[in-house]
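Peer 1: Make a model of this:
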Amino acid sequence: KQPVVENIIANYKSRDSATGLPARTSVMDRFQQMLHSDIKAPRFTAMLVRILTDDTGGKSGADKTVQDLTLYRAADALQKRLAKGTILGRINQNALLLIQSSDIEPVSRDAANRVRDTLGTLGGLIDSDIHVHINTMNLPARTAFSADQVVERLEALH
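Peer 2: This next block holds a predicted model:
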């Protein structure tokens with residue numbers, strides 16, 4: 001059972017132009033609000049999902065479009081399976097950030113496995129065992145970390 005995040009309204013200031021997902025600034029603002037709200041969930045799981053396709057090596061033009069399409073398809077598949085109140089947005093060229101509240105103890109491993117399973121169903125677009133890298137971090141609801149600190153730690157884990 002996942003608690004519903006009711007105290008935060010999903011007003012995203014900026015969206016990624018290629019995917020329509022909330023952009024980094026909006027996701028980080030909303031995550032910061034969530035960390036300092038009165039949500040009754042005992043913990044949060046922050047998940048950085050990197051999708052590394054063959055065209056993430058600094059190419060541009062049509063190859064960038066393939067990466068954008070891959071992230072769009074991944075986000076679309078995830079949105080259909082995520083609990084209500086989950087934050088999902090694009091934070092860089094090849095990564096999505098997911099934030100979930102939970103009252104379940106081993107949530108990060110289970111959540112990462114569900115994400116990997118979901119992304120493995122994208123019909124040959126990516127191979128979840130090779131192209132998907134997931135870093136997770138569990139946080140107590142009342143944490144001293146800021147959203148920026150959490151994401152910096154997730155991004156530092158390669």
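Peer 1: His131 against Thr53, yeah?
Peer 2: Yes - judged on CB atoms under 8 Å, His131 makes contact with Thr53 at a distance of 5.9 Å. Bear in mind the C-beta positions are built from the backbone N, C-alpha and C, glycine included.
Peer 1: What is the neighbour count of the residue nearest to Leu122 when sequence neighbours are not counted?
Peer 2: Excluding the flanking residues, the one nearest Leu122 by CB to CB, 6 or more residues apart in numbering is Arg73, at 5.6 Å. By the criterion of other CB atoms under 10 Å, Arg73 has 17 neighbours.
Peer 1: element containing Arg73?
Peer 2: Using DSSP states H and E, Arg73 falls within helix 62-79.
Peer 1: Now that helix: buried residues?
Peer 2: By neighbour count with 16 or more other CB atoms under 10 Å, helix 62-79 contains the buried residues 66-68, 70-75, 77-78.
Peer 1: Could you tell me the angle between the next helix or strand after that helix and helix 62-79?
Peer 2: Where DSSP H and E defines the elements, the next helix or strand beyond helix 62-79 is strand 87-92. Here strand 87-92 points in a direction 160 degrees away from that of helix 62-79 (axes from the mean of the first three to the mean of the last three CA atoms, to 10 degrees).
Peer 1: Show residues contacting strand 87-92.
Peer 2: 12, 16, 19, 21-24, 26-28, 30-31, 34, 48, 71, 75, 78-79, 82, 96-100, 151 (CB atoms under 8 Å, 6 or more residues apart in numbering).
Peer 1: Paired strands for that strand, with orientation please.
Peer 2: Using DSSP bridges, strand 87-92 pairs in its sheet with strand 95-102 (antiparallel).
Peer 1: who's in contact with whichever helix or strand Ser26 is part of?
Peer 2: For Ser26, the host element (DSSP H and E) is helix 24-35. Contacts of helix 24-35 with the rest of the structure, by CB under 8 Å, 6+ apart, involve 5, 8, 10, 12-15, 22, 44, 46, 87-92, 97, 99, 101, 139, 143, 145-148, 150-151.
Peer 1: For it, list every residue counted as buried.
Peer 2: For helix 24-35, using 16+ other CB under 10 Å, the buried residues are 24, 26-31, 33-35.
Peer 1: Mind putting those into a markdown table with distance to Leu122?
Peer 2: As requested, these are arranged in a markdown table below (distance: CB to CB, whole Å):
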| residue | distance to Leu122 |
| --- | --- |
| Arg24 | 23 |
| Ser26 | 25 |
| Val27 | 22 |
| Met28 | 26 |
| Asp29 | 29 |
| Arg30 | 26 |
| Phe31 | 25 |
| Gln33 | 31 |
| Met34 | 28 |
| Leu35 | 31 |
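Peer 1: Sounds good, over and out.
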